[in-house]
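Trainee: Mind looking at a prediction? Sequence and model below.
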Amino acid sequence: MSIISIVVALTFWTCAALIIFSYAAYPIIVWSLSRWFTPSVEAPVCEPTDWPSVSLLIAAYNEEDVIEERVRNALEMDYPRDRLEIVIALDGCTDGTAVIVRRYESHGVRLLDFPERRGKSAVLNAAIGAVEGEIVLLSDANTGIDPQAARRLVRWFRHPHVGAVCGRLVLTDPHTGRNVDSLYWKYETLLKRCEGRLGALLGANGAIYAIRKELYQPIPSQTLIDDFVIPLLAKLRSGCSIIYESSAVATEETPADVQSEFRRRARIGAGGFQSIGMLWKLLDPRQGWVALSFLSHKVLRWFCPFFMIAVLASNLLLLDIPFYRLVLMSQLGFYLVSVLAAFLPASIKFLKPLRLATMFTSMNLALFVGFWRWLSGRQNGVWVRTSRITGNQGMSDEPSNFDLSRCN
């Protein structure tokens, strides 16, 4: 082989190894480490007088279809009412969201109606300064949380070193309401659990996480993945622990169509590249397991589309070697399967594993699109609502009839 061929082959194998490491080897490593290194602390038991004040903060934009159901869900939380504040912060809504929320002000729901649309990050920065709780529990307008979730999250804050606690998100079908956690989502949840045991949890899930108000650091208004950046900035600032509490459950519908899911993933991809500039210090080996997790689970993943392109391009340059011709056929076969599997009926269960190929390629395509949106500045911090299948809750002058006895 010539020197050029050797360099091309090294490029091929290096990029292929990085893809395999990020998606296959790292999960095995982190799972093994989490078995060897058990958590040093357990969730404490709280006495009635131990519960801190909590502010449930929900930022929303034009959510009139779901906001009433979300408010009712919040009012059903099993947490001492004299220590619970429910705050809905609106980002320049142009629909009836504010009208619906105001109907519940007499039940203790507080409305922060910001008239100008600035994006979620700007709303959070403004709202955090206005809430009163020691602990801020953040959630989304399209999320439902288990009544016990707040207690299960907040009890961890009795440990002074705990700065943020992330709950578990369960995905549901928008048509049937049934749990539809995919194999990939279960895989990601397992990684969260393992990283949590190592004290290396990366960020949180916007659907359900809590943070000490004093540790909240205002984020740039154009921040795209606030739930990832906020807890990790708190960790960089204070060295606090981020805990994963799987028993604190939230549910959320999957996007109603493929296009919405792709846009969401592209936005997350753009946010990932953006966040490297804010969180690069986490790559310092002195950060311990966090450095390994941030590099392996996040940074390498975000660059996987470029590794895939490099693998394919270098493979094409090595076609004079029979082995690489076989490898190219395998690559092209994988991409063909990923396209065809997207059209398979979901009801054919034994073919579902083939859809992992679709998930893998579409996710990396979204990351690739997200990179260019971030690089070009086309992806800004103002959110676009994900389309959902849901019924309008109506615009009556009184709250819907439901049991408010738990809210008193």
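Mentor: Thanks, I have it.

Trainee: what's the helix or strand where Glu188 lies packed up against?
Mentor: When elements are assigned from DSSP states H and E, Glu188 belongs to helix 183-197. Identification of packing neighbours for helix 183-197 by 3 or more C-beta pairs under 8 Å, 6 or more residues apart in numbering; DSSP states H and E yields helix 26-36, strand 162-172, strand 241-253, helix 355-376. Every residue, glycine included, has its C-beta placed from N, CA and C.

Trainee: Could you check the longest one and say which residues are buried?
Mentor: Neighbour-count burial for helix 355-376 flags 355-371, 373-374 (criterion: 16 or more other C-beta atoms under 10 Å).

Trainee: Give me the neighbour count for Ile20.
Mentor: Other residues within reach of Ile20, judged by other C-beta atoms under 10 Å, total 12.

Trainee: hang on, the earlier thing: output the helix holding Glu188 in CSV with nothing but the alpha carbons.
Mentor: Backbone C-alpha positions of helix 183-197 (Å, rounded to 0.1, in the frame of the first residue of the first chain) are rendered in CSV as follows:
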residue,chain,number,x,y,z
LEU,A,183,-35.5,0.1,22.2
TYR,A,184,-33.3,3.2,21.6
TRP,A,185,-35.1,5.2,24.3
LYS,A,186,-34.6,2.3,26.8
TYR,A,187,-31.0,2.2,25.8
GLU,A,188,-30.6,5.9,26.5
THR,A,189,-32.5,5.5,29.8
LEU,A,190,-30.1,2.7,30.8
LEU,A,191,-27.1,5.0,30.1
LYS,A,192,-28.7,7.7,32.3
ARG,A,193,-29.1,5.2,35.1
CYS,A,194,-25.5,4.0,34.8
GLU,A,195,-24.1,7.5,34.5
GLY,A,196,-26.1,8.5,37.5
ARG,A,197,-24.6,5.8,39.6
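
Trainee: what's downstream of it, the next helix or strand?
Mentor: With secondary structure assigned by DSSP H and E, helix 183-197 is succeeded by strand 208-212.

Trainee: ok, Ala234 touching Glu214?
Mentor: No: taking contacts as C-beta atoms under 8 Å, Ala234 lies outside contact range of Glu214: 9.4 Å.

Trainee: Looking at the two, which has the bigger crowd around it?
Mentor: Ala234 (20 against 11).

Trainee: Just give the closest residue to the more buried one, not the sequence neighbours.
Mentor: Spatial nearest neighbour of Ala234, chain neighbours left out: Leu215 (4.1 Å); criterion: C-beta to C-beta, 6 or more residues apart in numbering.

Trainee: what's the neighbour count on the one you found?
Mentor: The tally of other residues near Leu215 (other C-beta under 10 Å) stands at 17.

Trainee: Was I right to think it contacts Gly163?
Mentor: Yes: in this structure Leu215 lies within contact range of Gly163 using C-beta under 8 Å: 4.8 Å.

Trainee: So for those two, which residues contact both of them?
Mentor: 234, 238, 240 (C-beta atoms under 8 Å, 6 or more residues apart in numbering).

Trainee: Of these, which is the nearest to Arg265?
Mentor: Of all these, Arg265 sits closest to Ala234, with 25.5 Å by C-beta to C-beta.

Trainee: Can you check my assumption that that closest one lies in a strand?
Mentor: No: the assignment for Ala234, made by DSSP: H, G, I helix; E, B strand; the rest coil, is helix rather than a strand.

Trainee: May I see the buried residues of the helix or strand of the chain with the lowest mean pLDDT?
Mentor: Ranked by mean pLDDT, DSSP states H and E, the weakest helix or strand in the chain is helix 183-197, scoring a mean of 87. For helix 183-197, the neighbour count (16+ other C-beta under 10 Å) marks 188-189, 191-197 as buried.

Trainee: again, but for stretch 205-217
Mentor: 205-213, 215-216.

Trainee: can you redo those as CSV with pLDDT?
Mentor: What follows is those, written out as CSV (pLDDT from 0 to 100):
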residue, pLDDT
Asn205, 87
Gly206, 89
Ala207, 92
Ile208, 95
Tyr209, 96
Ala210, 97
Ile211, 97
Arg212, 97
Lys213, 97
Leu215, 96
Tyr216, 96
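
Trainee: So for Ser347, what's the pLDDT?
Mentor: With respect to pLDDT, Ser347 has a value of 66.
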